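[1] Give me a 3D structure for the following:
(2 chains, ligands or ions: 1)
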Amino acid sequence: MPLLKGGVEVADGWRALADAEPVPAQGDVVVPLARFLAEREALLARGGKLGVRCRNTDAVEVLAPDLHRIDLIALEFPRFGDGRAFTQARVLRQRLGFQGELRATGEVLADQLLHMGRCGFDAFAAALPDLVAEWRKAGASYRAYYQPATADQAPLIAALRGGRRTPLANP
Amino acid sequence: MYQYDQHDRAFLADRVALFRDQVARRLTGVLSEEQFRPLRLQNGLYLQLHAYMLRVAVPYGTLNGRQLRALAAIARRYDRGYGHFTTRQNIQFNWIRLADAPDIMADLAAADLHAIQTSGDCIRNVTADQWAGAARDEIEDPRIWCEIIRQWSTVHPEFSFLPRKFKIAVTGAARDRAAVRFHDIGLRLLRNADGEVGFEVLVGGGLGRTPVIGKVIRPFLPKAELLAYLEAIMRVYNRHGRRDNPYKARIKILVNDLGSDEMRRQVEAEWEGLRGGDLRLDPDLVAEIAGRFAGPALTPDPAPVRAVEDLPLIDPAFRRWLDANTVAHRVPGHRIVNLPLKPIGAPPGDASAAQMEALADLAETYGHDDVRVTHEQNLVLPHVREGDLPALWRALDGLGLAVPNLGLVSDIIACPGLDYCTLANARSIPVAQAISTRFADLARQQDIGELRIKISGCINACAHHHVGHIGILGVEKAGAEFYQVTLGGEPGEGASIGELVGPAIPAARIVAAVETIIAGYLAFRRPGERFLDTVRRVGVAPFRERLDAAA
Ligand code: SF4
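    Next comes the predicted model:
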């Protein structure tokens, strides 16, 4: 699956672990939220970087105390019409101040990249032929927006009056 | 009305370009119909029985003459010469080709109009009191707040893929003409004990399969916190609203499942994290938006009143129209002129291109260039000088738009129904036409008095049948069209949901059934009692007996 991060396609160096798979001593791993909660101490103590994969029904707030030690959170769009992860992303970024990688997974449509980026996603695992081009195009869709969002902390709808630039176009 | 600036126009231009690209990708097959569907829906484009239908937003029901002419031009160029005003204060064109849609959007944008978020699972066009800025009982103009909500909700990155569509209505008056109790969120501007104006916030009202009256979750919200509070509600809904069944996906079901206390708790908790933040509405910003609504400077003008009082001596038809279709304005010497789009026997809410163009002229000449669309599928010229009424009346009469039937039997709301809509069980428009024709005699209509009939072709309730004094709902029985009839619904401040009067009635007998019900009312009513009052006093049982006897 192609992975877009920081506006370029990158290799995915993360290993997604299933529920019962043994945790390797080294390397960067992503574990499901339930497993993180069950094996929290051991996972945080190991060498490599740690990522957590949430379903879109999970209460991401449970990660609050550990967010500074988590490097990646993967959120899921099981169907493109199911927009719960947009709110999860904003809660993580805006309310809980998560600074690590926020990755969109599942059915990620080109026409949703803009919304995802504005909600705070900065990495996208998407089966799109030319992810970089799609990302550039999405970022250039609008010159400005009517409302503040996470990736473009704008001083309100009035920001439009100032003719603010599109943040995604300048990653 | 709200004046667009260069940024509003730039945004629309970008949107048109984006949509043009999406349509091109659909036409070349890059996008599947399934992938294209949410994109076209968020641009107001539906696939109907015979063609695409385009629903154009009329934000809070406000248009000017130039916009009305642009809509007329679209009706002529891309449709069959007419448009259909809807119960969402929007206008629909029923015969659109997909390939034309981007050009239509560009034509709309040239007149500061769009079709953004008139369908799809997102925040829809915000509706308001059609007499905003003119009504005598108004505390504050709701359109300023509607416009702020429109801007905030336009292409909102977080709330564009909600569990289901989401509708917000705002009223600033004592009388609720915007049916705020039947919206996902209803907002009422009111003054608190300290004299400060803020919002009462209602949540979880709605019609459809499960009609519910909205619950107050906050009795008083300071204006500056409006968007933060709305965002908090949307956030709770987006996370927890059901997505397993479209019939259970509206916020009313979530409010019902959680209970309004728990809903309030969750919303207020979310608001705690948002209040005072980015979304706080700075008074300067609000003043700037309010300034762009600069209404007409109406000067109190007591003199012409006498002229109006004299005129009935000249023409009794004018007097009937004046009494039935016009209402006192907050500025003395002016009237609010209502234009029912309900000529006897015609489809409710339809307007021809020629009518729209003529109305644009009249609005500019007599109405300070302000036209409103009502959720009752009528139009309004909200600011007319009394001295201009005779001339305006003559002109409207020539257009067939001076029938004095506002709020009467023939002022029927009807959805498109089986004539256009893929979801319909039964036809709505022909039933409305037949009832209107049966009660064509205006003296008879006036004797019956205020009576609001609403006809939906299926349980989606686009015509709000649950809140009709007489509600008519199309149902299908063994492949035939039947209608369920409810009595006693009311959308306003005394909100109530109509009660079923009996078993479904076959299409051939529906008009006669309405006649039987009205005859019952005339027999039961006490002096001065409206249809709704009588139904509330006697209940539905006596009406059912009469229907049974007639069957
Ligand atoms: S009520 Fe039903 S039939 Fe009528 S327009 Fe709505 S969905 Fe279509």
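
[2] How far does the one helix or strand B:R265 maps to sit from its chain's centre?
    Here B:R265 is covered by helix B:260-272, with elements defined by DSSP states H and E. Mean C-alpha position of helix B:260-272 versus that of the full chain (Cα atoms, centre = their mean, to the nearest Å) differs by 29 Å.

[3] again with stretch B:424-431
    Relative to the mean C-alpha coordinate of its chain, stretch B:424-431 is positioned 19 Å out (Cα atoms, centre = their mean).

[4] Alpha carbons of that stretch, as CSV, please.
    Only the C-alpha atoms of stretch B:424-431 are listed here, as CSV (Å, rounded to 0.1, in the frame of the first residue of the first chain):
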residue,chain,number,x,y,z
ALA,B,424,-42.0,7.8,-3.4
ASN,B,425,-44.8,5.4,-2.6
ALA,B,426,-47.5,7.5,-4.1
ARG,B,427,-48.1,10.8,-5.9
SER,B,428,-48.3,14.0,-4.0
ILE,B,429,-48.7,16.8,-6.5
PRO,B,430,-51.8,15.4,-8.3
VAL,B,431,-53.5,15.0,-4.9
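
[5] contact partners of the helix holding B:R265?
    Contacts of helix B:260-272 with the rest of the structure, by Cβ atoms under 8 Å, 6 or more residues apart in numbering or on different chains, involve B:203-204, B:215, B:217-218, B:225, B:228-229, B:231-233, B:235-236, B:240, B:254-255, B:258. Quick note: C-beta positions are derived from backbone N, CA and C, even for glycine.

[6] how about the helices of chain A, start to end?
    With DSSP state H, the ranges of helices along chain A come out as A:33-38, A:40-45, A:84-90, A:113-119, A:131-139.

[7] Just the buried ones among the contacts of helix B:260-272, please.
    Burial by neighbour count, 16 or more other Cβ atoms under 10 Å in any protein chain shown: within these this picks out B:203-204, B:215, B:217-218, B:225, B:228-229, B:231-233, B:235-236, B:240, B:254-255, B:258.

[8] Tell me which of these fall in strands.
    Helix and strand membership here follows DSSP state E; of those, those in strands are B:V203, B:K215, B:I217, B:R218.

[9] wait, does stretch B:99-113 contact chain A?
    No - using Cβ under 8 Å from any Cβ of the partner chain, stretch B:99-113 never reaches chain A; the gap is at least 13.6 Å.

[10] Quick one: residues in contact with that stretch.
    For stretch B:99-113, the external contacting residues (Cβ under 8 Å, 6+ apart) are B:4, B:8-9, B:12-13, B:15-16, B:19-20, B:23, B:27, B:40, B:43, B:45, B:52, B:54, B:56-58, B:66-67, B:69-71, B:73-74, B:77-78, B:93, B:96, B:114-115.

[11] ok, B:A249 to B:G208 distance?
    Spatial separation of B:A249 from B:G208 under the definition Cβ to Cβ, to the nearest Å is 10 Å.

[12] shared neighbours of the two, anything?
    With Cβ under 8 Å, 6+ apart, B:A249 and B:G208 have no common neighbours.

[13] Report the distance from stretch B:257-273 to the chain centre.
    For stretch B:257-273, the distance from its own C-alpha centre to the chain's C-alpha centre is 29 Å (Cα atoms, centre = their mean).

[14] ugh, typo on my part, it should be stretch B:64-72
    How far stretch B:64-72 lies from its chain's middle: 19 Å, per Cα atoms, centre = their mean.

[15] Close to chain A: what parts of the stretch 151-300 of chain B are there?
    B:151-162, B:227, B:235, B:238-239, B:243, B:273, B:278-282, B:285, B:288.

[16] could you redo the last one with a cut-off of 7 Å?
    On the criterion Cβ under 7 Å from any Cβ of the partner chain, chain A has as its neighbours in the stretch 151-300 of chain B the residues B:151-152, B:154-158, B:160-162, B:235, B:238-239, B:243, B:273, B:278-279, B:285.

[17] and if you look at chain B?
    B:7, B:10-11, B:14, B:18, B:22, B:35, B:38-39, B:121, B:151-152, B:154-158, B:160-162, B:235, B:238-239, B:243, B:273, B:278-279, B:285.

[18] ChimeraX command to pick out the buried ones of those?
    Buried subset of the residues of chain B next to chain A, written as a ChimeraX selection, criterion 16+ other Cβ under 10 Å:
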select /B:7,10,11,14,18,22,35,38,39,121,151,152,154,155,156,157,158,160,161,162,235,238,239,243,278,279,285
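
[19] give me the residue from chain B nearest chain A.
    When distances are taken as Cβ to the nearest Cβ, chain B approaches chain A most closely through B:F161, which lies 2.8 Å from it.
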